[in-house]
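S.K.: with the sequence up front, the predicted model follows.
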Amino acid sequence: MTMSELQLKNALDTLKATGVRITPQRHAILEYLINSMTHPTADEIYKSLEGKFPNMSVATVYNNLRVFREAGLVKELTYGDAASRFDFVTNDHYHMICESCGKITDFHYPALKEVEQFASHVTGYKVNSHRLEVYGTCPDCLEQQNKKVL
Ligand SMILES: [Zn+2]
Ligand SMILES: [Zn+2]
């Protein structure tokens, strides 16, 4: 079994355990989220699966993503007024975001527990989680920019 097959199997087991019915659409959306590293919007998921499920609407995709989020399988990343992006929850990771094309790339770094402890200490809050995003220009956009200069 490959890593992504194992992730899909575990995700389906989690859904079954929480009493969520596994429909072919839910199966396909989960599979798409696990295999895509792009942190897609609901619209992108819809567009890539509509050929397979002609009766599916964007609203259905949204509803399913909400079910996954409530089951703890998917994280919703919100950016102001822009469409939410969805990330299959694996272990803790951080995001590098391209300011030119909006691409999000995962990277791993030891969890910043000291930062959480410090923040809690100076503010008196109980910390639940944190979110770290690093902004820049992705290699593809850099390449494009270099081509324009030449
Ligand atoms: Zn880019
Ligand atoms: Zn991610």
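M.R.: Alright, I've got the coordinates. Ligands and ions are numbered 1, 2, ... in the order given.

S.K.: what about the helices in this protein?
M.R.: Assigned by DSSP state H, the chain shows helices spanning 3-17, 24-35, 42-49, 58-70, 113-123, 139-149.

S.K.: how's this structure carved up into domains?
M.R.: For the chain, automatic domain parsing gives the domain ranges 1-90, 91-150.

S.K.: TSV for these, including mean pLDDT?
M.R.: Converted to TSV, the domains of the chain look like this (pLDDT from 0 to 100):
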stretch	mean pLDDT
domain 1-90	89
domain 91-150	87
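
S.K.: right, so these: which one is the most enclosed?
M.R.: Highest mean neighbour count among those (mean count of other CB atoms under 10 Å): domain 1-90, with a mean of 15. Yep, even glycine has a C-beta here, placed from its N, CA and C like the rest.

S.K.: return the distance of it from the chain's centre.
M.R.: 9 Å (CA atoms, centre = their mean, to the nearest Å).

S.K.: closest one to Asp87 among the helices of the chain?
M.R.: Closest to Asp87 of the helices of the chain, according to CB to CB: helix 24-35, at 7.7 Å.
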